[in-house]
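In: 3D, please:
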Amino acid sequence: MENVQASPRSRLAERSVPNTMLQLQPIQKSFRSVPSRAEYERQWRKTNIERVRENNRKWRNANPERLKEIQRRWREKNRHKILTYQREYNSKNRERRIENGRDANYKRKYRISLKEYEVFLKTQKGRCAICGGLPGKKKLSVDHHHLTGTVRGLLCRSCNLMIGFACDSVDVLAKGIEYLRS
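Out: You can find the predicted model right below:
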């Protein structure tokens, strides 16, 4: 006679276990009435948002080097995601990006905002302050005193180059006028 091992079910059946115990019951997902620790923490953060923000701010101020390292590793790990997002954003917000770039450029170089540039433009009726001509394809250039940094007005490219090549010297420009009259 061969020695065949019986399956666990058949062994249970031999012991006269009721048939209902042999059938596996599905585990119900809501067997736990208490939320998990992660769920509890999520709920706590939602209800105590100001405390969480304050604690995060304190940690960032106390650990600037560690924060930089964490951010660097995240950027390194998610480089593709960042580039994809930037491409999408840049294509959707082209005009806004250009305007923000111009505003930052004016603030950095001339200490005026884009709104102040537009006030100058409106005051000069959209024309060059020297020759009165309308700008071509490019915007009017901001003319400023190189020593004091004060903005004098908006000029077309030609007039701006003329003043620049004269090194902001009234004498050089006056000699240029005399030369043109002779």
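In: Other residues contacting the longest helix seen in the chain?
Out: In the chain, taking DSSP state H as the definition, the longest helix is helix 94-110. Applying CB atoms under 8 Å, 6 or more residues apart in numbering, the contact partners of helix 94-110 are Asn90, Ile112, Ser113, Leu114, Glu116, Tyr117, Lys139, Val142, His144, Gly149, Val151. Using the backbone N, CA and C atoms, a C-beta is placed for each residue, glycine as well.
In: among those residues, which two are most distant?
Out: Farthest-apart pair in the contacts of helix 94-110 is Asn90 and Gly149; separation 32.0 Å (CB to CB).
In: follow-up on the earlier one: give me the subset of the contacts of helix 94-110 that lies in strands.
Out: Val142, His144, Val151 (DSSP state E).
In: any idea whether Ile163 is helix, strand or coil?
Out: Following DSSP: H, G, I helix; E, B strand; the rest coil, Ile163 is assigned to helix.
In: Quick one: buried ones out of the contacts of helix 94-110?
Out: Applying 16 or more other CB atoms under 10 Å to these, the neighbour count classes Ile112, Leu114, Glu116, Tyr117, Val142, His144, Val151 as buried.
In: Show me where this protein has its helices.
Out: Assigned by DSSP H, the helices in the chain fall at 8-14, 19-22, 37-47, 49-62, 64-77, 79-92, 94-110, 114-123, 157-165, 170-181.
In: Quickly compare the ones you listed and say which is most buried.
Out: Among the helices of the chain, helix 157-165 has the highest mean neighbour count (mean count of other CB atoms under 10 Å), at a mean of 15.
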